[in-house]
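Student: I'd like to go over a predicted model; first the sequence, then the structure.
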Amino acid sequence: MCGIVGILNSSFLKNNSIDILKKLEYRGYDSAGISLFSKERIKTIKSVGKISELKNKAQNVSDKNFYGVIGHTRWATHGVVSKNNAHPFANDDLTLVCNGIIENYRKIQNRFVEIPKNIQSDTEISFYFLTYLVNKYKNSDEAIRVFKSVIKGNYAFVIFIKKNNCFYLLKNGSPIALSHNKNSSYICSDSSILSDYSDKIYHLKDGDIIKIQQSKISSLNKAKILFEKNEIKQNPYDKGKYQHYMLKEIHEQPEVIKTTQKNYLQEFFNDFESKFKNLILNKKIIFVGCGTAYHACLVGEYYFNKYTNIDTSSELASELRYKKINKDEKILFVFISQSGETMDTLMALKYIKKNKHSSIVITNSLQSSMVREADVTIPTYADKEVGVASTKAFTCQILSLANLSIEIGKMTNSISKKDYNKNLTILKLLPIKLKKLINDFTPEAKKIAKKLSQSDTCYFIGRNIVYPIALEGSLKLKEISYMHSEGFPGGEMKHGPIALIDKKSLTICLSPNNELYEKSISNAEEIAARNGKVIILSSVKIHRKSLNTHNVSLPKENFIDTPFIYTIPLQLISYYFALNEGTDIDQPRNLAKSVTVE
């Protein structure tokens, strides 16, 4: 959600900044811009739409007489999508970009007559406010300090002030990183991108005010600026033979699951008890996430209910941070975030830390803010996920939870050694099963996508461990096709949702071969009896034939691999339906990959 780039004292400023903005496209955006600057002048170019529009506008602009550039991709929060509201904001004296939200922007606007009253953008109001301060104070450093003391919210600012020919970085909540190579400096909101330019990196901390003047880096808040080795390498942005990143990432799942499981067995979960016994032995575990990560939390609940005797529950991060937490109860919180920067989840993590509770983070980004806050990090090895709608990151998250549950189950004697070893074998063999599933189910996914095109809405139902998968399938369809969709527990259909069923609805029923299979099929038949079209996904080969019902066979499942086997078909159905609809699959409207605002 929004992206920042900054480059100082380097060649090819314009092209490099636009190339980095291109790599930040996955975060989601609706406009973009760059400001080239020197001690004599500032040149700003902005556009609405794709980075290609910005590149075309900047084509005839020379960066020969400039020594620095800042750039931004904006995802609208305050103010409509327009060229005027795009970043950077600039005048003859300064230019700035911002990620995040300034919460007290209206108070600032009402307080100072110098700020126009018709402005809707919180960043533009901040820009006018800083311009006022720079004109008021002879010392630009003092203007920056006052600015930082007044604004409230979670943000990252990158600012150039011409008066003293200085560059400033401000951070509170929103991620921003600085790399340095000889006299050149590189700034980005995604630290992995900076590995292409320098192997030394500094992750700004909340409260930091960094000043760069003639390649000298200092801190106005007297923080120690310690550069560390940037271990994260940027993956090439290459779709290969695939039309979209999402399809490529669906097909990558067998390999990244294989890599993740191998690393868990050889490294992370090796000698698990001696490393984590004190952390794990809590009376209660609470899983925390947003969106797809929250659905992983719900899967985790079912795993822990099956394999351990520990009391578990799940919380939406955006709700948890505003709830009262029992300080006296011993609770382990497990936070799940693909990016490790999800603002709601990060704030919830900081909140439980203040209440002295233990924390684990499951993430795909090992240099993220949440990693630096948590007691323990469980990495997923999904590689870079570019498509906004999560696929391989989700399945790696539930793989992490599957391993965590059986390790704790073994440690607490909740499962036998035989069952533990059996489940490990199932997880080791999972990549082979999933690779075949992707190939076999793709033709069925295309057929179901055509059926969806004849419907007005799609519902997903499931029981027990496939109920969260029903929620995730519905979310995927909504995210990339914009079709109205909902997910329900199968047993809840009679308690209200069945009123929605008509001949223009399609319901996908997830029916694993377990003790709830007959009940799931009964739910499907109740829908079909009300003229709703039904598709049943199940490993049971023979179903009772019913009008309005289409049956699709899936591989035989065990409890621990059930979520994987039922997730991938729903990803493929959503993808091929969105493809037929002609939507922007990798960058759906209004969505962002990394949600770094509340």
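Tutor: Looks like it came in fine. Numbers count the residues shown, from 1 in each chain.
Student: what's next to stretch 273-289, contact-wise?
Tutor: 295-298, 300-301, 304, 310-317, 320, 329-337, 345, 348-349, 358, 360, 375-376, 401, 407-408, 411-412 (CB atoms under 8 Å, 6 or more residues apart in numbering). Yep, even glycine has a C-beta here, placed from its N, CA and C like the rest.
Student: Just the mean pLDDT for it, thanks.
Tutor: Stretch 273-289 carries an average pLDDT of 83.
Student: Same question for stretch 102-113.
Tutor: Mean predicted confidence for stretch 102-113 is 93.
Student: what's the neighbour count on the residue lying closest to Phe272 once chain neighbours are set aside?
Tutor: Leaving aside its sequence neighbours, Phe272 sits nearest to Glu407 (CB to CB, 6 or more residues apart in numbering; 4.6 Å). By the measure other CB atoms under 10 Å, the count of residues near Glu407 is 21.
Student: For the helix or strand harbouring Glu407, name the packing helices and strands.
Tutor: In this structure, Glu407 sits in helix 392-411 according to DSSP states H and E. Applying 3 or more CB pairs under 8 Å, 6 or more residues apart in numbering; DSSP states H and E, one finds that helix 392-411 contacts helix 253-263, helix 272-280, helix 292-307, strand 331-337, strand 358-363, helix 417-452, helix 562-581.
Student: In CSV, list the ones you listed along with distance to Ser191.
Tutor: Conversion of the helices and strands packed on helix 392-411 to CSV gives the following (distance: least, CB to CB, whole Å):
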stretch, distance to Ser191
helix 253-263, 21
helix 272-280, 27
helix 292-307, 20
strand 331-337, 15
strand 358-363, 13
helix 417-452, 29
helix 562-581, 28
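Student: winner for burial among these?
Tutor: strand 331-337 (a mean of 27; mean count of other CB atoms under 10 Å).
Student: Just the CA atoms of it, as CSV, please.
Tutor: The C-alpha trace of strand 331-337 is given here as CSV (Å, rounded to 0.1, in the frame of the first residue of the first chain):
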residue,chain,number,x,y,z
ILE,A,331,-1.0,-16.0,26.7
LEU,A,332,1.1,-16.7,23.7
PHE,A,333,0.0,-14.7,20.7
VAL,A,334,0.8,-16.0,17.2
PHE,A,335,0.8,-13.2,14.6
ILE,A,336,0.5,-14.0,10.9
SER,A,337,1.5,-11.6,8.1
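Student: tell me the angle the next helix or strand after that strand makes with strand 331-337.
Tutor: Using DSSP H and E, the helix or strand that follows strand 331-337 in sequence is helix 343-354. Interaxial angle, helix 343-354 versus strand 331-337 (axes from the mean of the first three to the mean of the last three CA atoms, to 10 degrees): 160 degrees.
Student: angle of helix 343-354 against helix 292-307?
Tutor: 50 degrees.
Student: Can you check what angle separates helix 343-354 from strand 358-363?
Tutor: 160 degrees.
Student: Where does the prediction get shaky in this structure?
Tutor: 1, 78-79, 231-237, 542-545, 594, 596-598 (pLDDT under 70).
Student: swap the cut-off to 50 and go again
Tutor: Applying pLDDT under 50 to the predicted model, the chain contains no residue that meets it.
Student: What are the structural domain limits within it?
Tutor: According to automatic domain parsing, the chain comprises the domains 3-229, 239-415, 443-585.
Student: need these in a markdown table with distance to Ile426, can you?
Tutor: Below are the domains of the chain laid out as a markdown table (distance: least, CB to CB, whole Å):
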| stretch | distance to Ile426 |
| --- | --- |
| domain 3-229 | 32 |
| domain 239-415 | 9 |
| domain 443-585 | 5 |
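Student: I'd like the distance from the helix holding Glu407 to the chain centre, please.
Tutor: Computed by CA atoms, centre = their mean, to the nearest Å, the chain-centroid distance of helix 392-411 equals 19 Å.
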